[in-house]
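Enquirer: Quick one: sequence plus predicted model below, questions after.
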Amino acid sequence: MSRKKLILPTFVLVVVVQLSVPAKMILDRENIIKEGSVHLFRTAPVDPYDPFRGKYIILSFADNMVGVEDESEWSWGESAYLQIAPDSSGFTTPQRVSKYPPDTGDYLEVMVSYVTSNGTNRLTINYPFDRFYMEESKAPRAERSYFESLRDSTQRTYAVVSVKNGEFVLLDVMIDGISITEIAEREITEDSN
Amino acid sequence: MNILKDLPELIDSDIISEETAARIRAYYQQKEGRPSSKLFIVFGILGSILVGLGIILIIAHNWDNLSRLTKTIFAFLPLVVGQIFCGYVLMRKRDNISWRESTAVFLFFAVGASISLVSQIYNIPGNVSSFLLTWSLLCLPLVYLLESSLVSLLYLVGITYYAVETNYWSNDESHIFWLLLLLIFPHCHNLYKRNPESNFMSFHHWLVPTSVVIVLGTVAGRVPELMLVAYFSLFGLLYLVGNLPFFSGLKLRSNGYRVIGSLGTVVLLLALSFDGFWKNLIDKEMSTWMLLSREFLTSALLTLLASTLLYKQQKGMQLSEIKPASTIFLLFALTFVVGMYSPIAIVLINIYILALGILIVREGARMDHLGVLNYGLLVITALVICRFFDTNLSFILRGILFVAVGVGFFMTNYWMLKKRKTDE
């Protein structure tokens, strides 16, 4: 076959591959949402002066420490597998951390952001989900509500995450059981009234 | 072209005939290409970039009222539109550069947009490395199918960013960049065969060496000091490539290889003319395993390549004809070995800079080129300024040095201009 005749079929192949990448991403996530187990992660106060990052809000988490047997085996920046399970209050907390994916139970791939060096054998970890995207007009209002609720100890703020085989989808951020999108929408209407 | 404006005058004065004038016009027209088609290419590309980015922004609004399904369908929209356009161009407008370039660029951005939009819809955290790699690889075929040089340039930027992000800005390590770089060379070769003097070609002459210079540092592991030998040899190699018959005919602004090779050599030499690096080198314990380290192997390979090229280029030439900057890498490799045992290496480096400056000045004088001449003087000035800061020379001596270099500037420029006048 001449070179010119090959160009079109090759182009069709490229088109299919280009389409398949986002399609695969979508199918994988939909599968996690459908079949994964839902975990609630308590969020923690962050510096309210953290510059607003456009159309998403930045999340940080309260339960971000986990004990290890020997701190010298761990170093900053490496990735680890964190086993997670809900505690008595219904919120998910870290259980155990390992270098390889565990055989049973839900787990996440996390990054070690701090390792103690005084023998207390504790790791601080970064959860892989730290951004929640929102409509651009709502994001600033939502972030304000998010910070206000974090400072108000009576309110409970948490992220809803679906987890399956180490993969995850961040579904929503809730303040006392109501979605932050809904709160932002309600407050924007109140502000304009 | 100025000469075209002068043609009527030349015809009037009976210096050239009408026929010759017509031939001159035809020659330049063919050489330059139609100016309007160049404009079409530029505006076509700009237009498609703007439309592409505009669509991305509109979708990035993240319409909350739309369901997840609708949003994902919209994420595919720019991608599908871009693909339809490219398909149309491949079938109907394959010979039109501005169509090919603009649709290919649009599709390039559309691919990146739809991946990031899906990430946004599902709150997938940004792993920049894998995103850049996927994006670049998905768009590489466009370089060949649509023969798009701009996508080729964007691909180069993409893989360089990928290598930097993976190796310098995070703890991972990946050397796939070198393979990815090789994948673009057939396009460079095609471009060279088709249109060696085009703007796209000169952009490639700048971007390819820049990208290699940036990424070479990712090889560094446990013996980072050895990377300096690798860098000197790389700059030497680039300089020598820039002196190959094809490149030496180019204007300096199109010859990125030569400029980067020469500037890189000078900057590294100046940086190493301070004693910090050499003090550490003497203290470092060297052992035989380092001979198998990847830094050593890289340095050896680059030095070998550059030496071979140097040998081929200078064969049969007189010693005085050898370009001064092309031999520094060999001298540095030797100096590095000396530097492991003796602090005399710093003195040697300073001598090299001075000699290089003087030789460049001489070359400039011989070529009757004020730019080259002053470049040589600048090298000497830079050396003097560096030494001004870290030596214990008395103020009087430093003052005299500065005055001497300043007078040197005046004298050489004056001498050259005067020589030009008498030649005229």
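Expert: Thanks, I have the structure now.

Enquirer: okay, CA-based contacts and neighbour counts for the rest of this
Expert: Fine.

Enquirer: Return the distance of the longest helix along chain B from the chain's centre.
Expert: For chain B, the helix that runs over the most residues, judged by DSSP state H, is helix B:395-423. Centroid separation for helix B:395-423 versus its chain: 32 Å, with Cα atoms, centre = their mean, to the nearest Å.

Enquirer: name the helices or strands packed onto that helix?
Expert: helix B:370-390 (3 or more Cα pairs under 8 Å, 6 or more residues apart in numbering or on different chains; DSSP states H and E).

Enquirer: Find the nearest non-adjacent residue to B:Ile11, please.
Expert: B:Ser17 (5.9 Å; Cα to Cα, 6 or more residues apart in numbering or on different chains).

Enquirer: isn't the one you found right up against B:Glu9?
Expert: No: applying Cα atoms under 8 Å as the test, B:Ser17 and B:Glu9 come out as separate, 11.2 Å apart.

Enquirer: between these two, what contacts are shared?
Expert: Overlap between the contact sets of B:Ser17 and B:Glu9, as judged by Cα atoms under 8 Å, 6 or more residues apart in numbering or on different chains, is nil.

Enquirer: which residues are contacting stretch B:364-374?
Expert: Contacts of stretch B:364-374 (Cα under 8 Å, 6+ apart): B:Ile360, B:Val361, B:Arg362, B:Glu363, B:Gly376, B:Phe409, B:Asn413, B:Met416, B:Arg420.

Enquirer: Name the residues that touch stretch A:151-161?
Expert: Against stretch A:151-161 from outside (Cα under 8 Å, 6+ apart): A:38-43, A:45, A:146, A:149-150, A:168-176.

Enquirer: what do you get for stretch B:141-150?
Expert: A:7, A:10-11, A:14, B:86, B:90, B:94, B:100-101, B:104-105, B:151-152, B:187, B:200.

Enquirer: again, but for stretch A:31-40
Expert: Stretch A:31-40 is contacted by residues A:86, A:90-92, A:158-164, A:167-169 when judged by Cα under 8 Å, 6+ apart.

Enquirer: Among those residues, name the ones in strands.
Expert: A:Pro86, A:Thr92, A:Tyr158, A:Ala159, A:Val160, A:Val161, A:Ser162, A:Val163, A:Lys164, A:Glu167, A:Phe168, A:Val169 (DSSP state E).

Enquirer: could these be laid out in JSON lines, adding neighbour count?
Expert: Output for the ones in strands among the contacts of stretch A:31-40, formatted as JSON lines (neighbours: other Cα atoms under 10 Å in any protein chain shown):
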{"residue": "A:Pro86", "neighbour count": "15"}
{"residue": "A:Thr92", "neighbour count": "19"}
{"residue": "A:Tyr158", "neighbour count": "27"}
{"residue": "A:Ala159", "neighbour count": "25"}
{"residue": "A:Val160", "neighbour count": "19"}
{"residue": "A:Val161", "neighbour count": "22"}
{"residue": "A:Ser162", "neighbour count": "22"}
{"residue": "A:Val163", "neighbour count": "23"}
{"residue": "A:Lys164", "neighbour count": "21"}
{"residue": "A:Glu167", "neighbour count": "16"}
{"residue": "A:Phe168", "neighbour count": "27"}
{"residue": "A:Val169", "neighbour count": "23"}
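
Enquirer: where along the stretch 51-200 of chain B do the helices fall?
Expert: B:68-92, B:97-121, B:128-145, B:149-167, B:177-182, B:185-194, B:199-216 (DSSP state H, counting those that start in this stretch).

Enquirer: now, of the ones you listed, which is deepest in the fold?
Expert: Burial among the helices of the stretch 51-200 of chain B, expressed as mean neighbours by mean count of other Cα atoms under 10 Å in any protein chain shown, is greatest for helix B:97-121, which shows a mean of 24.

Enquirer: Just want the residue of chain A that's nearest chain B.
Expert: Residue of chain A nearest chain B, by Cα to the nearest Cα: A:Glu135 (4.6 Å).

Enquirer: which of the contacts of stretch B:141-150 lies closest to B:Glu173?
Expert: B:Ser152 (24.3 Å; Cα to Cα).

Enquirer: Low-confidence regions, the stretch 251-400 of chain B specifically.
Expert: B:390-392 (pLDDT under 70).

Enquirer: Weed out the non-buried ones from the contacts of stretch A:151-161.
Expert: A:38-43, A:45, A:146, A:149-150, A:168-175 (16 or more other Cα atoms under 10 Å in any protein chain shown).

Enquirer: Where does A:Pro102 sit: helix, strand or coil?
Expert: coil (DSSP: H, G, I helix; E, B strand; the rest coil).

Enquirer: count of residues packed around it?
Expert: Neighbour count for A:Pro102, taken as other Cα atoms under 10 Å in any protein chain shown: 17.

Enquirer: Show the pLDDT at it.
Expert: Note on A:Pro102: pLDDT of 90.

Enquirer: Same check on A:Ser60?
Expert: 82.

Enquirer: what's the answer for A:Glu78, then?
Expert: Predicted confidence (pLDDT) for A:Glu78: 84.

Enquirer: Next, it: phi, psi?
Expert: Dihedral pair for A:Glu78: phi -80, psi 160, per degrees, to the nearest 10.

Enquirer: and it, how many neighbours does it have?
Expert: The burial count for A:Glu78: 16, using other Cα under 10 Å.

Enquirer: Equivalent analysis for B:Ser394, please.
Expert: 9.

Enquirer: Tell me the buried residues in the lowest-mean-pLDDT helix or strand in chain A?
Expert: The weakest-scoring helix or strand in chain A, judged by mean pLDDT, DSSP states H and E, is helix A:139-151 (a mean of 73). Neighbour-count burial for helix A:139-151, counted by 16+ other Cα under 10 Å, picks out A:Ala139, A:Pro140, A:Arg141, A:Ala142, A:Glu143, A:Ser145, A:Tyr146, A:Phe147, A:Ser149, A:Leu150.

Enquirer: Hmm, the fifth one is touching A:Phe132, no?
Expert: No: using Cα under 8 Å, A:Glu143 is not in contact with A:Phe132; the gap is 10.1 Å.

Enquirer: Need the overlap of contacts for these two.
Expert: A:Ile57.

Enquirer: roughly how far out does the helix or strand containing B:Leu302 sit from the chain middle?
Expert: Under the criterion of DSSP states H and E, B:Leu302 resides in helix B:294-314. Centroid displacement of helix B:294-314 relative to its chain, using Cα atoms, centre = their mean, is 19 Å.
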